[in-house]
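Undergrad: 3D, please:
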Amino acid sequence: MASPYDPLDSLQYSTDEIRAAVEEATAFKRYVCAHAYPANAIARAVECGVRVIEHGNLIDAPTAKLMATKEAFLVPTLVAYDAIGRHAAEFGMGPESLEKNTIVLEAGLRSLELAKRAGVRMAFGSDLLGQLQPDQSKEFLLRGRR
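TA: Numbers count the residues shown, from 1 in each chain. A predicted model of the protein is given here:
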């Protein structure tokens, strides 16, 4: 999201690459977590065996249903976008990244209701690093809006 060069709707790994990661994780008795925004990237990952989707902001109802059926978890990380919005000037973020941040925060709030209606299990995560770590618990305040 923060990269000015990666569009929000991009698919960055092939199904073969994702399946290979899942196969190797399974052999090691672990699971795979993917950072994904658009519904098609989420669906691709979950269909290939990914168990946890971080972000998932641009999810749609059919993809949320797929996640619930496959017993995948969603980790919304909404506080990351809230913190970026408040601290963007300090980080020197450009207008492209700030525009994407606004899009994913608004969509992320809507994604909570889609996931809830579909029965997707959600977990906590913040993606906050360094000086932003004190904001972690604000995730629950943001989720409480929905």
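Undergrad: what lies in contact with the host helix or strand of Arg117?
TA: Per DSSP states H and E: Arg117 is located in helix 95-118. The contact list for helix 95-118 (C-beta atoms under 8 Å, 6 or more residues apart in numbering) reads 1-4, 8, 37, 55-61, 64-65, 67-68, 74, 76-78, 81-82, 84-85, 88, 93, 122, 142-143, 145-146. (Each C-beta comes from the backbone N, C-alpha and C, glycine too.)
Undergrad: show me where the protein has helices.
TA: All helices of the chain, identified by DSSP state H, fall at 15-27, 39-47, 61-69, 78-91, 95-118, 138-144.
Undergrad: in CSV, list these along with mean neighbour count.
TA: Listed next are these as CSV, based on neighbours: other C-beta atoms under 10 Å:
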stretch, mean neighbour count
helix 15-27, 14
helix 39-47, 21
helix 61-69, 19
helix 78-91, 18
helix 95-118, 18
helix 138-144, 15
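Undergrad: of the ones you listed, which is nearest Gly130?
TA: Closest approach to Gly130 among these (C-beta to C-beta): helix 78-91, 10.5 Å.
Undergrad: so what's Thr26 up against?
TA: Shown in contact with Thr26 (C-beta under 8 Å, 6+ apart): Gly49.
Undergrad: okay if I get the helices of the chain as a markdown table plus distance to Gly130?
TA: Shown next, in a markdown table, are these (distance: least, C-beta to C-beta, whole Å):
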| stretch | distance to Gly130 |
| --- | --- |
| helix 15-27 | 28 |
| helix 39-47 | 27 |
| helix 61-69 | 31 |
| helix 78-91 | 10 |
| helix 95-118 | 17 |
| helix 138-144 | 16 |
